[in-house]
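>>> Here is my input; please provide its structure:
(one chain, ligands or ions: 1)
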Amino acid sequence: MAKVKKAEGKLGVMVVGLGAVTTTFMTGVLMARKGLTKPVGSMTQYDKIRVGQGADKQYLKYNEIVPLADLNDIEFAAWDVYPANAYESALNAEVLKERDIEPVKDELIAIRPLPAAFDHEYAKRLDGDNIMHGKTRWEMVEQLREDIRNFKKEKGVDRVVVLWAASTEVYVPVDEKVHGSLAAMEAAMKADDREHIAPSMCYAYAALAEGAPFIMGAPNTTVDFPAMWELAEKTRMPIAGKDFKTGQTLVKSGFAPIIGTRCLGLSGWFSTNILGNRDGLVLDEPANFRTKEVSKLSTLESILVPEEQPDLYTDYYHKVRINYYPPRNDNKEGWDNIDIFGWMGYPMQIKINFLCRDSILAAPLCLDLVLLSDLAARCGRYGTQEFLSFFLKSPMHDYTKGEVPVNHLFQQYVMLKNAIREMGGYPADEPID
Ligand SMILES: NC(=O)c1ccc[n+]([C@@H]2O[C@H](COP(=O)([O-])OP(=O)(O)OC[C@H]3O[C@@H](n4cnc5c(N)ncnc54)[C@H](O)[C@@H]3O)[C@@H](O)[C@H]2O)c1
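You can find the predicted model right below:
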């Protein structure tokens, strides 16, 4: 293996938000390391990548190619607006059956959320009181940095990764004057500019400044602008985002290539969901839904590109809806209606009905994103980690340089495999077509 630091000591995983996704993630990891469940859906635990060609060809698991942290070495911590510990929160979320939580009850009870850096204006439907009161944005940063340092000291943790899987904040459009440079962003934080500095940006700043990779699992624009890229470069830390690619968008980014590969036309794609968990409640607020909508809409445009195939993809209508519907809780149901056209323009329809479980799909992504970000940091990789796009709905890209994100699931998979190969000292040997 080339120049990669070993995964020695404990890996601290600090999650922002102790809700449905993160408690499902933690419970699964704790149960798996007791041998009581299997981490199904996790690429780092199951997938095999080909290395070598011809007679030298072999298929290896990720940890046979690169040194990944072991599940036994993970130590969890969390911040949340509500004071419930991870056990109470896992029960409240009603994702997992009690019998799948009880065996790790003691470990979950010990995970008590630290007070959140929170601003009610960014998530109006939440009213918990486990928050840092009266802090300016800069004071939030300082408190979060102290939290990270304390966690490392108290738990004897060597490395930390910070993962945002908290509620979706209201949409913050990028403003060059504030988000265009690190100096401008720091000045805005010190001036307590609440309009342009979301609480999530304070978490990201604190993580990077403390030498921890930061992952944005919600659609927030937190690390999507030059000031954060500059900070990631300065601190030599990886960043990844945004928005876990779990249900409908996973299907979309895997299905759209079928249409594109067979040169069929598209006239419209309508996606709708019903969802009843707290995530759905927050997204019921139009300003919060806007953040999700922007993220979800971006998927098709770079797979079925009008400029490349004007006869097939000009002016297709793409619509995404999420409807809050409490009876379904975390068991989201998604419908996709796809209007395509074929030979001589004759129309056809495809319907997809996905009865999924949101947090069951998101938990393995949390694990993979955390382990691979930690790996990237140990390899000396910093800034936007494009190879992690595979896990994300709206991959980060440098739009100031005209970069177009890769949304095509199978191209993303090649990027992932090539990066693992390179970090393991093998050549990246698959072209991304
Ligand atoms: N489950 C999926 O398939 C999926 C896919 C993509 C993105 N996501 C995103 O993941 C996030 C988590 O989803 P969930 O179902 O676990 O939601 P959830 O509502 O169950 O949990 C989110 C938690 O974040 C907390 N929170 C909000 N703001 C906070 C802050 N500033 N600091 C600390 N804690 C804060 C809330 O109190 C809540 O407990 C959401 O943003 C969701 O959009 C989920």
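>>> Quick check, Pro326 in contact with Ile274.
No: taking contacts as C-beta atoms under 8 Å, Pro326 lies outside contact range of Ile274: 9.6 Å. (Each C-beta comes from the backbone N, C-alpha and C, glycine too.)
>>> if I read this right, Glu233 contacts Tyr382, doesn't it?
Yes: shown here, Glu233 and Tyr382 form a contact pair, counting by C-beta under 8 Å, at 6.3 Å.
>>> Give me the more crowded residue out of the two.
More crowded of Glu233 and Tyr382, by other C-beta atoms under 10 Å: Tyr382, with 19 against 14.
>>> Quick check: nearest residue in space to the more buried one, chain neighbours excluded?
Arg236 (4.4 Å; C-beta to C-beta, 6 or more residues apart in numbering).
>>> Quickly note the distance from that neighbour to Phe225.
19 Å (C-beta to C-beta, to the nearest Å).
>>> Could you do Glu64 as well?
38 Å.
>>> Any idea which helix or strand in the chain has the lowest mean pLDDT?
Every helix and strand of the chain was ranked by mean pLDDT, DSSP states H and E. The lowest is helix 286-301, at a mean of 77.
>>> And for that helix, what's in contact with it?
Helix 286-301 has contacts (C-beta atoms under 8 Å, 6 or more residues apart in numbering) with 123, 125, 167-171, 218-221, 242-243, 248-249, 252-253, 256, 269, 271, 282-283, 316, 318, 320, 322, 393-394, 405, 407.
>>> can you map out the helices along the stretch 151-300 of the chain?
176-179, 182-190, 199-209, 226-235, 248-261, 278-283, 286-301 (DSSP state H, counting those that start in this stretch).
>>> Go through those helices and pick out the most buried.
Of the helices of the stretch 151-300 of the chain, the one with the most neighbours on average (mean count of other C-beta atoms under 10 Å) is helix 199-209, at a mean of 26.
>>> neighbouring contacts of that one?
So helix 199-209 is contacted by 14, 16, 79, 116-119, 122, 137, 140-142, 144-145, 147-148, 160, 162, 164, 166, 169, 185, 189, 213-214, 216, 218, 220, 222-223, 228, 231-232, 235, 237, 239 (C-beta under 8 Å, 6+ apart).
>>> can you give me the angle it makes with helix 182-190?
Here the directions of helix 199-209 and helix 182-190 differ by 120 degrees (axes from the mean of the first three to the mean of the last three C-alpha atoms, to 10 degrees).
>>> For helix 199-209, the averaged confidence score.
The average of the pLDDT scores along helix 199-209 is 98.
>>> CA atoms only for that helix - export them in CSV, please.
What follows is helix 199-209, C-alpha atoms only, in CSV (Å, rounded to 0.1, in the frame of the first residue of the first chain):
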residue,chain,number,x,y,z
PRO,A,199,-25.4,26.8,12.1
SER,A,200,-24.2,23.9,9.9
MET,A,201,-21.4,26.2,8.6
CYS,A,202,-20.2,26.6,12.2
TYR,A,203,-20.0,22.8,12.6
ALA,A,204,-18.1,22.5,9.3
TYR,A,205,-15.7,25.3,10.3
ALA,A,206,-15.1,23.7,13.7
ALA,A,207,-14.5,20.2,12.3
LEU,A,208,-12.0,21.4,9.6
ALA,A,209,-10.2,23.7,12.1
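>>> tell me the angle of that helix relative to helix 226-235?
20 degrees.
>>> near the ligand at all, helix 199-209?
Yes: Helix 199-209 is in contact with the ligand by C-beta under 6 Å from any ligand atom, via Pro199.
>>> if I look at Val4, how far off is Arg381?
Going from Val4 to Arg381 by C-beta to C-beta gives 10 Å.
>>> what does the stretch 201-350 of the chain put close to the ligand?
Contact residues (C-beta under 6 Å from any ligand atom) of the stretch 201-350 of the chain with the ligand: Gly217, Ala218, Asp243, Phe244, Thr246, Gly247, Asn277, Arg278, Asp279.
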